[in-house]
Each structure stands twice: as C-alpha cells, then as structure tokens.
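Engineer: Sequence and predicted structure below; questions after.
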Amino acid sequence: MPVIKTIAEQSEQMTEWRRHLHAHPEIAFEEHETAAFIAARLEEWGIEVRRGIAGTGVIGTLTSGEGPAIGLRADMDALAIHETNAIPHRSVRAGCMHACGHDGHMAMLLGAARYLSKSKKFKGTVHLIFQPAEENEGGGRVMVEQGMFDEFPMTAIYGMHNWPGLPAGRFAVRPGPIMAAFDLFEITIVGKGAHAAMPHLGVDPVLAGSAIVTALQSITSRATDPLEAAVVSVTQFHAGDTWNVIPERAVLRGTVRALTPEVQDKVEMTLYRVVESIAAGHGAGARVHYERRYPPTINDPAEAENAAKAAATVVGESHVEQDRQPSMGSEDFAFMLEKKPGSYIWIGNGSVEGGCTLHNPRYDFNDTILPLGASYWASLVESRLA
Ligand code: NI
C-alpha cells in the first residue's frame, strides 16, 4: 500500500483546508476560528468532539469495535511572523503566519480522520488531538495538566512534524531523543556604577558579563561529555545608556538545549557555578533565573519502530530514515511523551529553496505531502489497532 487510495482522492480537499488554515492563522491559545473549523469538520463526519481543553484544544474520538486506545496529535498555532510570500493563500493577518506548517499538520490529521471515520478498518479507539500553543507557550503541557490522559485514556501517543530539507516522500524517525530540551536563563550582574574614566572607583558589570559569556561556553566544551550534545547560547546582553558611565548592572539572557535530562541537569548546575564564581572574581554580584520550558522529546524504541513500519507501508522502507541525527530544536509534544510511550516522526517537506525553512517568513507547507502524512496516520492506526 503506498498512499491510501481514498486518501489520495481527497488530496484536493486537504489542500483546500490547508490553504484556508494558512490564510487564517491564529497565535498560541487564540486558535478560536481554527478550533471551530476543525470541530465542524470532525462533527460532519460523525466524530465525537470535545472542545475547550487547554482553552482552544479540540479532541475528536473515533471508536470502532473493541480494542486499545491511541492518540494522534497535531498542533494548531501560528507564529508572530509577517508573511512575505506572494501566494494566493497568504496570511490575511498582518504579523501572523503559519510558518511552521501546523496548517499542514491539521490538514493531514483531518484527512486521516475523515478516512478512518468511513473505513473503520481498526479495532479500538483513536483520539484525534488538536493541540493549541505549541510555540513557546507549551499548550501540550497544559493539556496534560488539565487531565487529558485521565479523560481520554490511551496506551500510546504519536506526533508528526514536517521537516524542510528532508525530501518530500521521505520520513525520519529514531528511537530515544529526537528533539532537545529547551531552557531559558536570565543573569543579572550587579556591579557598582562609576565614571568611565575612573573605573577603579566602581565594579564593571560589562567586563564581568563579558567574562561570563565566554566562560559559559566552557560548559559545553569542558563540563559536558564530548559524545553528548548540549547548546548554551547567550542571545541578549543589555547594559549601560551612555559613553562615559560604567553602569550598575548588566543583564544576559539566553537558552540551553540538551538531549537528555542528565545533561540538562549538569548544564544547569554548572551554569550557576560559572556565573557566581566569575562574578565574584570581578567583585560583582550575580542573580540567575533559570527556567525549564520543554523537556527533551524522547521516542519509545518500540513505538519508533511501529512508526517507522507504518511510514514504510506508505513510502517504502528505503524512504524511511532511522538513523537521522536528532535536532537541537524543541517540541512540546515532549510533555505528552513524558506520560505515555509513543513517538514523534518527521515528514519530509522537500526543498528549502527560497527560504522555505521553519519559522521563515517565506515558508509554506508542501501540499503534495498531505496524502503521505494522512496515509501514515491511517496506516499507523490500522497496524496498531489491528
Ligand atoms: Ni512546529
């Protein structure tokens, strides 16, 4: 079975949904029209719908005979980016666009939902999870906190994201970590203001901050096992207002990424130590605010295998990569995988030419892969709930 025939036949319809959603993007937790659009489609096909979980989240439930329950998850939110594409379906909302392909993710899950509601070639229950606020706000975490898994018990959960640069017609999945943990930090260095010509009368937080920026890079190069991945990026450095004054304080902000909770712990601990000791060495004080946003996205090995097999039934084994490196980007599907075994797969979105990369103002989801993604969902359900 390559692409499922009845799914291929609804390609045009899926493209229409996808382009409608693309033209009408909504930002995290504001996906009201999007949720209404999805709920209306699901109800049209006789699927039971639960609205309002995590604010704008929608869950459709489809049962066919006796069997276990699984969840399929798509994300719904757009980004605060102004679209620069000149395409007929470009965003009608200034400063807001689907630049991560969540429009395509919804259309693929809708396509699968419609097919499954008619064919019912499975025994058990499928929860079609449309999750708000994947970007920055952790809508996935909120769904879990609001008791999604109590209200909708399931044995496994699956996610899918398009991947620009991975050719269309290919999938990639791997056991273990596939996306990184995402932490934030803010470091306030407190010195003593002085005349810039009399530095010995003050404590310079700019110099201390500069030493901290440099020393933080020793965390990845010296405190982390060279065979483990970690990133420490200082992305903001704020201090001072004029030329001839040494300011009182400097603020550094940035992000940490790691693929395992162990490395994440090590980086955090080392960051505190480096900041405090370097600041002290300069006679300055330092305060660290460290915040864990998303855990690493870790695939269950058996479920990654199930996902790979389902993808192989659609595109053939040779088009499913199982040894691709993880990404140091992050994903709030991680919160769901912390609670349930499951897996997260990438579907090739094709060429990155013309700026078609995630979070780029010239990104657009590749409509030719809609039937592949929908067929993947359908074959996953038909194989897991056989
Ligand atoms: Ni995304």
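Structural biologist: Arrived safely, thanks for sending.
Engineer: Just the buried residues of stretch 124-139, please?
Structural biologist: Using 16 or more other CB atoms under 10 Å as the test for burial, stretch 124-139 gives 124-135, 137-139. Every C-beta, even on glycine, is put in place using the N, C-alpha and C of the backbone.
Engineer: out of those residues, who's nearest Arg293?
Structural biologist: The shortest approach to Arg293 among the buried residues of stretch 124-139 belongs to Gly138, at 6.7 Å (CB to CB).
Engineer: In space, what's closest to that closest one - neighbours in sequence excluded?
Structural biologist: Counting by CB to CB, 6 or more residues apart in numbering, Asp332 is the residue found nearest to Gly138 once chain neighbours are left out, at 4.8 Å.
Engineer: for Gln264, same thing?
Structural biologist: Closest residue to Gln264 apart from its sequence neighbours, by CB to CB, 6+ apart: Ala258 at 4.2 Å.
Engineer: do Tyr272 as well
Structural biologist: Nearest to Tyr272 is Val288, by CB to CB, 6+ apart, at 5.6 Å.
Engineer: Need the residues that contact whichever strand or helix holds that neighbour.
Structural biologist: Val288 is part of strand 285-294 when elements are defined by DSSP states H and E. Outside strand 285-294, the residues that touch it by CB atoms under 8 Å, 6 or more residues apart in numbering are 136, 138, 141, 181-191, 208, 212, 264, 268, 271-272, 275-276, 278-280, 330-332, 334-335.
Engineer: Next: stretch 191-209.
Structural biologist: Outside stretch 191-209, the residues that touch it by CB under 8 Å, 6+ apart are 187, 189-190, 237, 239-240, 243-250, 252, 278-279, 281-286.
Engineer: how far away is the residue nearest to the spatial centre of the chain from Ala180?
Structural biologist: The chain has Glu331 as the residue nearest its centroid, 2.6 Å off, counting by CA atoms, centre = their mean. Distance from Glu331 to Ala180, counting by CB to CB, to the nearest Å: 9 Å.
Engineer: Next, show the common contact partners of the two.
Structural biologist: When CB under 8 Å, 6+ apart defines a contact, the residues bordering Glu331 and Ala180 alike are Thr297.
Engineer: and the one helix or strand Ile38 maps to, what other elements does it pack with?
Structural biologist: Here Ile38 sits within helix 32-44, counting by DSSP H and E. Where contact means 3 or more CB pairs under 8 Å, 6 or more residues apart in numbering; DSSP states H and E, helix 32-44 is packed against helix 11-23, strand 48-53, strand 57-64, helix 102-119, strand 124-131.
Engineer: Can you give me the buried ones in it?
Structural biologist: Thr34, Ala35, Phe37, Ile38, Ala39, Arg41, Leu42.
Engineer: Stretch 350-368 now?
Structural biologist: In terms of neighbour count (16+ other CB under 10 Å), stretch 350-368 has its buried residues at Gly350, Cys356, Leu358, Asn360, Arg362, Tyr363, Asp364, Phe365, Asn366, Asp367.
Engineer: of all those residues, which two lie farthest apart?
Structural biologist: Spanning the widest gap among the buried residues of stretch 350-368 are Asn360 and Asp367, at 17.5 Å by CB to CB.
Engineer: and the direction of the longest helix anywhere in the chain versus that of strand 285-294, what angle?
Structural biologist: If each helix of the chain is counted by residues according to DSSP state H, the longest one is helix 261-281. Taking axes from the mean of the first three to the mean of the last three CA atoms, to 10 degrees, one finds helix 261-281 and strand 285-294 inclined to each other by 160 degrees.
Engineer: And the contacts of helix 261-281?
Structural biologist: 181, 183, 185, 187, 189, 208, 211-212, 215-216, 218-220, 223-225, 228-230, 232, 256, 258, 285-286, 288, 290, 292, 295-296.
Engineer: Tell me which entries of the contacts of strand 285-294 lie within strands.
Structural biologist: Ala181, Phe182, Asp183, Leu184, Phe185, Glu186, Ile187, Thr188, Ile189, Val190 (DSSP state E).
Engineer: Now rank those residues by neighbours and give me the top one.
Structural biologist: Greatest neighbour count in the ones in strands among the contacts of strand 285-294, by other CB atoms under 10 Å, goes to Ile189: 29 neighbours.
Engineer: what is the mean pLDDT for stretch 240-256?
Structural biologist: For stretch 240-256, mean pLDDT is 98.
Engineer: same check, this time on stretch 205-223
Structural biologist: Averaging pLDDT along stretch 205-223 gives 97.
Engineer: Now find how far off-centre it is within its chain.
Structural biologist: Its chain's C-alpha centre and that of stretch 205-223 lie 28 Å apart, by CA atoms, centre = their mean, to the nearest Å.
Engineer: likewise stretch 46-63?
Structural biologist: Between the centre of stretch 46-63 and the centre of its chain there are 21 Å (CA atoms, centre = their mean).
Engineer: How far does it stretch from one end to the other?
Structural biologist: 11 Å (CA to CA, to the nearest Å).
Engineer: contacts for that stretch?
Structural biologist: Contacts to stretch 46-63, defined as CB under 8 Å, 6+ apart, come from residues 29-32, 34-35, 38-39, 42-43, 76, 113, 116-117, 124-133, 139, 142-143, 146, 148, 151-152.
Engineer: Need the residues that contact the host helix or strand of Thr255.
Structural biologist: In the assignment (DSSP H and E), Thr255 maps to strand 249-258. Strand 249-258 is touched from outside by 180-191, 205-206, 208-209, 212-213, 216, 228-240, 264, 267-268, 271, 296, 328-330, with contacts defined as CB under 8 Å, 6+ apart.
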